[in-house]
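Visitor: Pasting a predicted model and its sequence here:
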Amino acid sequence: MAFAPADTERTVLYVSNSPDQKLADFLAASGWHAVHTKSTATAERMIERDNIKVGLVELPNDCTSQHLSALASCMRRAETNWVAQIAPGQADNELVSRFILDYCFDFVTRPWLNERLVFALGHAHGLSALRQVHVTPEPSLGRHGMVGQCEAMQQLYRRIDKCGATEAPVFVAGESGTGKELTARAIHERSPRTGRAFVAINCAAIPPSLLQAELFGHERGAFTGALQRKIGRIESAHEGTLFLDEIGDMPHECQAVLLRFLQEGTIERLGGNGPIHVDVRVISATHVDLDKAVEDGRFRADLYHRLCVLRLIEPPLRERGGDIKLLANYALSMYKQDGARKLRGLSSDAIVAMSNYAWPGNVRELINCVRRAVVMSEGRFITASDLGLPETDNWPAVTLAEIRSKAEKDAIEHALQRHGYKLSEAAAELGISRATLYRLMHADRLHQEPSGGRTSSGADGDDEAERRAPSLMSAAPA
Ligand SMILES: Nc1ncnc2c1ncn2[C@@H]1O[C@H](COP(=O)(O)OP(=O)(O)OP(=O)(O)O)[C@@H](O)[C@H]1O
Ligand SMILES: [Mg+2]
């Protein structure tokens, strides 16, 4: 059936096995350019090619689930609004009603008034025009292979570029799931070693007894079970980059051998008989506090200094502001095909819930959360309840240290007020020395008298002033 084009802006794709000529004439007279096809595959191509925003689909009386899923595949695109034509009673069929709810903007039941149908199509057209105004482009991985535009990420990108331009070892710190491995890869990609091997090894995932053999390789017969020669990870990274993940969990004896390799640039396979020169650039990462590990003697200070020549810190997700929404949309675009129905996006309450959540598992947790919600959601939009995030009462995200420090400041202020700003009495009540109280007040910028008052002299020479003050939270009696 050929319909004369009336207005290219108002094109309706008409998918039907038995198109209705009278309806077609009515549509043309109402300013619609109707293009017809029987084939769902052709419909899909036309929608993509011509960017069609409105569809009209006639459901056959004996509609099967195969038929519906063929239709669904061409009706998935969120930008196209569909109106269905159905027979009386057909909506009682659960499959059909679910299909309409999931994929159609509206439906008409035979015998329909053509005016009513044209009204529905006009409405569908108006809605898609509205959506176009607010359309946000699907976030894609930027040139560093990451999603994120906040200031902290911009700074990270600049630092990645700088690290890429040198050969110095880089240490990447950051909480779990913040993207440390992506950062290591981005540095490799921007270095002259791009195109060569990028070899990652997770030091925490390999039993300590096997780690050395895994890193350095072994000769045949080096130990029971070494049936043939094995090239280690360091050697296989020759001329490329070696990424030592979770370096903080590396056992002590392995640290010593790694240090020797970093100093000498040679390795020796277990059971081998001579050093082998290996040229690798080393990037390491861990989610544990490496400074503390050095302090506690769990990590060698000399190895620490070798590895941490350049240092990058991944910002935690809760400090990335609008990037949470960007990343959520990115995750949605990756996984929306996994859902049983056409998803239009994230509802605004979902965005609010995500912005209020602290994301201890960072980007990995966010991606998994959206992925799960895609599968579990029942509507067109992913809502806050689909995400299943714990209630936060809209509290701003704060760290434990911030909570402690605020409680400490409040306790001091109240004690001072209660004792008329007599430092010795307030200190006695708080269970600390006068000198410690003085130092904490100074750190918290608290006045020694109600505002405008005289400033008294400082510490009273108590030894405790020399020590680091215990947190009032832990010093206070229960
Ligand atoms: N900025 C980002 N853009 C897109 N995907 C990201 C981003 N950051 C992290 N991811 C994704 O999140 C997951 C975790 O990232 P990655 O493994 O790099 O984190 P990690 O800091 O090394 O985590 P862990 O400490 O658990 O080893 C990966 O699937 C990664 O692709
Ligand atoms: Mg990692």
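Guide: On my side now, so go ahead. Numbering: from 1, shown residues only. Ligands and ions are numbered 1, 2, ... in the order given.
Visitor: ok, the closest residue to ligand 2 within the stretch 201-350 of the chain to ligand 1 distance?
Guide: Residue nearest to ligand 2 within the stretch 201-350 of the chain (C-beta to the ion): D245, separated by 4.8 Å. (Glycine included, C-beta is placed from N, CA and C.) Computed with C-beta to the nearest ligand atom, to the nearest Å, the distance linking D245 and ligand 1 is 6 Å.
Visitor: right, and that residue touches E181 too?
Guide: Yes - contact status for D245 versus E181: in contact at 6.5 Å, counting by C-beta atoms under 8 Å.
Visitor: Quickly list what's touching both of the two.
Guide: A200, A285 (C-beta atoms under 8 Å, 6 or more residues apart in numbering).
Visitor: Mind exporting the C-alpha coordinates of stretch 297-312 to PDB?
Guide: C-alpha atoms of stretch 297-312 as PDB (Å, rounded to 0.1, in the frame of the first residue of the first chain):
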ATOM      1  CA  GLY A 297      56.000  -3.900  59.400                       C
ATOM      2  CA  ARG A 298      53.700  -5.800  57.000                       C
ATOM      3  CA  PHE A 299      55.200  -4.200  53.900                       C
ATOM      4  CA  ARG A 300      58.900  -3.500  53.300                       C
ATOM      5  CA  ALA A 301      59.700   0.200  53.300                       C
ATOM      6  CA  ASP A 302      62.300  -0.100  50.600                       C
ATOM      7  CA  LEU A 303      59.900  -1.900  48.200                       C
ATOM      8  CA  TYR A 304      57.300   0.800  49.000                       C
ATOM      9  CA  HIS A 305      59.700   3.500  47.900                       C
ATOM     10  CA  ARG A 306      60.500   1.700  44.700                       C
ATOM     11  CA  LEU A 307      56.900   1.200  43.800                       C
ATOM     12  CA  CYS A 308      55.400   4.500  44.900                       C
ATOM     13  CA  VAL A 309      57.500   6.900  42.800                       C
ATOM     14  CA  LEU A 310      54.300   8.300  41.300                       C
ATOM     15  CA  ARG A 311      51.100   8.000  43.200                       C
ATOM     16  CA  LEU A 312      47.500   8.300  41.900                       C
END
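Visitor: more crowded one of D245 and E181?
Guide: Neighbour count, other C-beta atoms under 10 Å: between D245 and E181, D245 has more, with 21 against 16.
Visitor: Model confidence score at the closest residue to that one other than its chain neighbours, please.
Guide: Leaving aside its sequence neighbours, D245 sits nearest to N202 (C-beta to C-beta, 6 or more residues apart in numbering; 4.5 Å). What the model reports for N202 is a pLDDT of 94.
Visitor: Distance of N202 relative to T37?
Guide: Applying C-beta to C-beta, to the nearest Å, the value for N202 to T37 is 52 Å.
Visitor: Over to R434?
Guide: In this view, R434 and T37 are 87 Å apart by C-beta to C-beta.
Visitor: One more: A28?
Guide: For A28 relative to T37 (C-beta to C-beta), the value is 17 Å.
Visitor: F171 and I313 touch, don't they?
Guide: No - between F171 and I313 there is no contact under C-beta under 8 Å: 9.5 Å.
Visitor: residues contacting the closest residue to ligand 1 within the stretch 51-200 of the chain?
Guide: Closest residue of the stretch 51-200 of the chain to ligand 1, C-beta to the nearest ligand atom: G179 (2.9 Å). The contact partners of G179, by C-beta under 8 Å, 6+ apart, come to M146, E314, N362, V363.
Visitor: Let me see the contact set for the closest residue to ligand 1 within the stretch 251-400 of the chain.
Guide: Residue nearest to ligand 1 within the stretch 251-400 of the chain (C-beta to the nearest ligand atom): V363, separated by 3.5 Å. If a contact means C-beta under 8 Å, 6+ apart, then V363 has G177, T178, G179, L317, L327 as its contacts.
Visitor: Skip ahead from the helix or strand it falls within and say which helix or strand is next.
Guide: Here V363, judged by DSSP states H and E, is contained in helix 362-376. Using DSSP H and E, the helix or strand that follows helix 362-376 in sequence is strand 381-382.
Visitor: Show me what that following strand is packed against.
Guide: In terms of contacts (3 or more C-beta pairs under 8 Å, 6 or more residues apart in numbering; DSSP states H and E), strand 381-382 is packed against strand 345-346, helix 362-376.
Visitor: for these, which one ends up most surrounded?
Guide: The highest mean neighbour count among the helices and strands packed on strand 381-382, using mean count of other C-beta atoms under 10 Å, belongs to strand 345-346: a mean of 21.
Visitor: Let me know the pLDDT of the residue of the stretch 301-450 of the chain found nearest ligand 2.
Guide: Closest contact between the stretch 301-450 of the chain and ligand 2, by C-beta to the ion, is at R364 (8.9 Å). Per-residue confidence (pLDDT) for R364: 97.
Visitor: Correct me if wrong: it contacts K180.
Guide: No - counting by C-beta under 8 Å, R364 sits too far from K180 to count as a contact (10.8 Å).
Visitor: And for R306, the neighbour number?
Guide: Around R306 there are 18 residues (other C-beta under 10 Å).
Visitor: what does L141 give?
Guide: L141 has 11 nearby residues by other C-beta under 10 Å.
Visitor: you'd agree it is up against G148?
Guide: No - counting by C-beta under 8 Å, L141 does not reach G148; the two are 9.7 Å apart.
Visitor: hmm, back to that, separation between the residue nearest to D245 and N362?
Guide: From N202 to N362 the distance is 17 Å (C-beta to C-beta).
Visitor: Over to L242?
Guide: Taking C-beta to C-beta, one finds L242 at 24 Å from N362.
Visitor: same question, I234
Guide: On the measure of C-beta to C-beta, I234 and N362 end up 29 Å apart.
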